[in-house]
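Dropping the sequence and predicted coords here.
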Amino acid sequence: MKIGILQCDDVPENLQPDHGNYPEMLLQQLQNHVSTSDVSVYRAHHGELPASIDECDGYITTGSRFSVYDALPWIEALDAFMVSLWEAKKPLVGICFGHQLIARALDGEVERSEKGWGVGVSFNQVVQRKTWMDPWQDKLDLVVSHQDQVVELPVEAEVLVKSDFCEYYVLQYADHFLSIQGHPEYSKAYSRDLMESRRGIIPDARLRAGNASLSAEVDGELMTKWMVNFMHEALVLRRNA
């Protein structure tokens, strides 16, 4: 399976020596599940997108410090690319910013959440089981870093995972789009350093809670496995259609 990473931002330069950039984080997570030689990176935030949707079997987006409602040409181009993937029933997995942009591309709504920053580890309940959730468990705890949230679902969306803080945490659209508000690719060390870099921007109480939550185990490896399972299933369904 050939996967295209749609890169939507860069890790802050001062954090890259210790943590790498976003594609490297994803590649590290994917290496136990796919051949990384079959993964291509497209710097979508610099206007680089595949010339054809068929350059890869499926795509994964990274997170971003930008908001999906920012009026930037590259976001509009990526939105249109997602619509093309949707219409062609090509597999797409959206992470954080990608989760929100999929919702917006399919006529949902995304806003700055009145609940404030989500940082550290989020604790979530799986409310709908799918065949690709193998191995199975009924909770999904991931590192998060976001202010925006999906607030109105597209008609095609199914809620698979939720919490009191984020009602629409994991969404599935038909058999070929999947999106996750959390970051399976983020390490707890990166979360800690990212929070520290935003001290003065994120309220102190939220920073303290976020740092305390990092003592919990996270399900990044499991979510990565689920993502790959989902893409394989989507490809099989597409070929048999």
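Structure's in. What do you need? Numbers count the residues shown, from 1 in each chain.

tell me which residues form a beta bridge with residue 152?
residue 109 (DSSP bridges).

Grab the CA positions of the helix of greatest length in the chain and hand them over as CSV.
In terms of residue count, the longest helix belonging to the chain (DSSP state H) is helix 220-240. Provided in CSV are the C-alpha atoms of helix 220-240 (Å, rounded to 0.1, in the frame of the first residue of the first chain):
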residue,chain,number,x,y,z
GLY,A,220,-0.8,5.9,19.7
GLU,A,221,0.5,2.6,18.5
LEU,A,222,-3.0,1.1,18.6
MET,A,223,-4.5,4.0,16.7
THR,A,224,-1.8,3.7,14.1
LYS,A,225,-2.7,0.0,13.7
TRP,A,226,-6.4,0.9,13.4
MET,A,227,-5.6,3.6,10.8
VAL,A,228,-3.7,1.1,8.6
ASN,A,229,-6.4,-1.5,9.1
PHE,A,230,-9.0,1.0,8.0
MET,A,231,-7.1,2.0,4.9
HIS,A,232,-6.6,-1.7,3.9
GLU,A,233,-10.3,-2.3,4.3
ALA,A,234,-11.2,0.8,2.3
LEU,A,235,-9.0,-0.3,-0.5
VAL,A,236,-10.5,-3.8,-0.6
LEU,A,237,-14.0,-2.3,-0.7
ARG,A,238,-13.0,0.1,-3.5
ARG,A,239,-11.5,-2.6,-5.6
ASN,A,240,-14.5,-4.9,-5.2
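
Use 74 as the first number for this chain going forward.
Sounds good: first residue 74 from here, last item helix 293-313.

Could I get the buried residue list for that helix?
293, 295-308, 311 (16 or more other Cβ atoms under 10 Å). All C-beta atoms are positioned from the backbone trio N, CA, C, and that covers glycine.

quick one: the most centrally placed residue in the chain and residue 253, what's the gap?
Taking Cα atoms, centre = their mean as the criterion, residue 168 is the residue nearest the geometric centre of the chain, at 0.6 Å. When Cβ to Cβ, to the nearest Å is applied, the distance between residue 168 and residue 253 equals 6 Å.

Backbone dihedrals for the residue nearest to the centre of the chain, please?
In this entry, residue 168 is assigned phi and psi values of phi -110, psi 130 (degrees, to the nearest 10).

mind listing what residue 236 touches?
Shown in contact with residue 236 (Cβ atoms under 8 Å, 6 or more residues apart in numbering): 195-198, 242.

Now name the helix or strand holding residue 232.
With secondary structure defined by DSSP states H and E, residue 232 is part of strand 230-235.

Now do that strand: distance to the chain's middle.
Relative to its chain's centre, strand 230-235 lies at 14 Å (Cα atoms, centre = their mean, to the nearest Å).

That strand - which strands sit beside it in the sheet, and in what orientation?
Partners of strand 230-235 in the sheet, by DSSP bridges, are strand 198-199 (antiparallel), strand 243-246 (antiparallel).

Between the two ends of stretch 163-170, how far is it?
19 Å (Cα to Cα, to the nearest Å).
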